[in-house]
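# next comes the sequence, and after it the predicted model I'd like to discuss.
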Amino acid sequence: MTRKIVTIVGARPQFIKAAAVSREILKHPGAIEEVMIHTGQHYDPNMSQVFFDELEIPAPKYNLEVSGGSHGVMTGRMLEGIEKILLEEKPDWVLIYGDTNSTLAGALAASKLHIPVAHVEAGLRSFNMRMPEEINRILSDRVSTLLLCPTDAAVDNLAREGVLQGVRNVGDVMYDVAKYYRERARNESKILQVLGLEEKGFVLTTCHRAENTDSQERLTEILSALSTIAESLPVVLPLHPRTRKLVVDYGLEGFLENLTVVEPLPFLDMVALEQAAKVILTDSGGVQKEAFFYEVPCITMRDETEWVETIELGWNRLVGASRVRILEAYAQSIEPRRAVQGSPYGTGAASQVILEELMKEG
Ligand code: UDP
């Protein structure tokens, strides 16, 4: 009997993770049917369509076109749209990814209809309840049937909350993605030539977390540090649309003048830049891990991280949003590191294990 899965995505990192699992699903025609809902949370072509094209993700059957608005408005409208579709599609599973409003809306809609929920990236915690992502994660995990954890630390976090049933460490789908695209990005992307960059001769940075962008003080500290670093080495910043808007609102455009600011990049260009960068400075979850996979020193401009393994293994440093700490860590990050021994993120076959679990349960 064919098992029907409704997958819910809405934001850039979810497209990337879903690409790995969808590719695996397509290897089992007849056994699994996937119906994709795009909530519309990210809608700019370079934050959405380009990923569907480049990563060969099946076109979503539904697009709810819910973007913008407050967290409540956005989550509420998604909830309404997803519920209607689930009533019609009657899937065996709802598959959700990560920690966005789309994740939470999917979890709530499905669980109230008694449809089992499988959560990819379950169990991650920052222990900072002021992060919208932390609220989304905790609530989504609470109503999930299958908690597909990427690490042992995630399994331990759930155990501490008393969640033991349905918990599996399947490894990190982002590791699958990194292994799959690593060579391709190096061979196909022309971004180094386009931007006139030398291998290991530039710094790559991203900044979009609400805790940084919604605070003028934190964003000023970060941009001022990046601008100082750019005096000695090119600093490439693919600028997230939300950050771009707030830079203008706060009048901080001056700090961008000596940076190489580009539009959000297609995935293969991003992966090519990550591998070639001397140092990566970021507040992104995905980028912290990609730096680790590609053995590039990372500096994380946040007060905490869910990816504690990257810190424990010496490849990542947490510096908050302090100009002084960012510059100190940058000066030290130039020192060579030891090679990564073993992987705390599994074997790069997480998607396959996820599929096995979805075929078993329910
Ligand atoms: N990414 C990309 N282009 C960019 C910036 C990021 O393809 O211009 C990719 C990046 O390689 C990673 C993912 O987007 O795989 C991370 O997404 P994001 O930083 O938006 O979200 P987070 O991981 O923090 O939830």
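Received, thanks. For clarity, every value in this text was computed on a predicted model and none was experimentally measured.
# show me what contacts the closest residue to Ala210 other than its chain neighbours?
Distance criterion CB to CB, 6 or more residues apart in numbering; nearest residue to Ala210, sequence neighbours excluded, is Pro132 at 6.4 Å. In short, each C-beta sits where N, CA and C put it, glycine included. Contacts of Pro132 were listed using CB atoms under 8 Å, 6 or more residues apart in numbering, and they are 71, 101, 210.
# could you rerun that using 10 Å?
By CB atoms under 10 Å, 6 or more residues apart in numbering, the residues touching Pro132 are 71, 75, 99-101, 104, 209-211.
# ok, Met174 next?
With contact taken as CB under 10 Å, 6+ apart, Met174 is in contact with 13, 16-17, 20, 121, 150, 285-286, 288-290, 292-293, 307, 345, 348, 350.
# mind redoing it with 6 Å?
Remark: with contacts taken as CB atoms under 6 Å, 6 or more residues apart in numbering, Met174 is in contact with Lys289.
# am I right that it is in a strand?
No: Met174: not assigned to a strand; according to DSSP: H, G, I helix; E, B strand; the rest coil it is helix.
# could you check the pLDDT of it?
Among the per-residue scores, Met174 holds a pLDDT of 98.
# go on, the one 3 residues further on?
The predicted structure scores Val177 at 97 on the pLDDT scale.
# could you say which helix or strand contains it?
When secondary structure is defined by DSSP states H and E, Val177 falls within helix 173-188.
# where do the helices sit along the stretch 101-250 of the chain?
Read by DSSP state H, counting those that start in this stretch, the stretch 101-250 of the chain holds these helices, from start to end of the chain: 101-112, 132-142, 152-160, 173-188, 191-195, 210-213, 216-229, 241-250.
# chain center to the shortest one: distance?
For helix 210-213, the distance from its own C-alpha centre to the chain's C-alpha centre is 16 Å (CA atoms, centre = their mean, to the nearest Å).
# before we move on, what about the second one?
For helix 132-142, the distance between its averaged C-alpha position and the chain's averaged C-alpha position is 15 Å (CA atoms, centre = their mean).
# return the backbone torsion pair for the closest residue to the ligand within the stretch 1-150 of the chain.
Closest residue of the stretch 1-150 of the chain to the ligand, CB to the nearest ligand atom: Pro13 (3.8 Å). Dihedral angles phi and psi of Pro13 (degrees, to the nearest 10) take the values phi -60, psi -20.
# for it, which non-adjacent residue is closest in space?
Nearest residue to Pro13, sequence neighbours excluded (CB to CB, 6+ apart): Gly286, at 5.0 Å.
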